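In: 3D, please:
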Amino acid sequence: MKQVGDHLSVWALSQSDDAVKDVFGRSAFNRYYYSAFLVTREMLAGFDSKWKKAKHSSIPDLLTGSIKKQIKKKLISNVEKGLMTESEKWKLLASLSSSTAELSNLLRNAYSLRCVADYEPEELITCEDEVIKLQNENLTSAKMWPGKANSCCKVIRRVWKEAGFG
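Out: Purely as a prediction, here's the structure:
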């Protein structure tokens, strides 16, 4: 998906017709969102197959709610059983909190922008100095969404594993 977004982005910038630039720029935002979403969905499916079918808008709350609670409960249990120290638990919880919050915010904002790109054609993209923008987000920032999602997922997976799941 990211590669498709990259190609759409380049194509959009090469167009002289603003209407064509708008359509391809919107599509690039959309592909970058889906790339980040799919990375996250793959991680969730690895934790629990039912999470693979989670609705787009529910994933941020799933990350900061159910997943975080489940891991925290396991970490507390690990400390009680002497499998890890209190310090190790807090270190893992800090990594988990930071990554779930970052990924949750990224997905929430990217999803919102994707909805604008898909459902609000009256909200035109702008292009200044070879930078495409939709609302306050530029396409170069959107291009980073999949990589950021992947980084957050790596940390969440590591904590999941260190907590003793899968």
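In: Go through the biggest helix by length in the chain and flag the buried ones.
Out: Assignment by DSSP state H gives helix 86-119 as the longest helix of the chain. Buried residues in helix 86-119, counted by 16 or more other C-beta atoms under 10 Å: 89, 92-93, 96, 99-100, 102-104, 106-111, 113-114, 116-117. All C-beta atoms are positioned from the backbone trio N, CA, C, and that covers glycine.
In: same deal with stretch 68-78?
Out: Going by 16+ other C-beta under 10 Å, stretch 68-78 has these buried residues: Lys68, Ile71, Lys72, Lys74, Leu75, Asn78.
In: could I get those residues as a markdown table with pLDDT, distance to Ile132 and secondary structure?
Out: Shown next, in a markdown table, are those (pLDDT from 0 to 100; distance: C-beta to C-beta, whole Å; DSSP: H, G, I helix; E, B strand; the rest coil):
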| residue | pLDDT | distance to Ile132 | secondary structure |
| --- | --- | --- | --- |
| Lys68 | 96 | 35 | helix |
| Ile71 | 97 | 38 | helix |
| Lys72 | 97 | 40 | helix |
| Lys74 | 97 | 44 | helix |
| Leu75 | 98 | 43 | helix |
| Asn78 | 97 | 47 | helix |
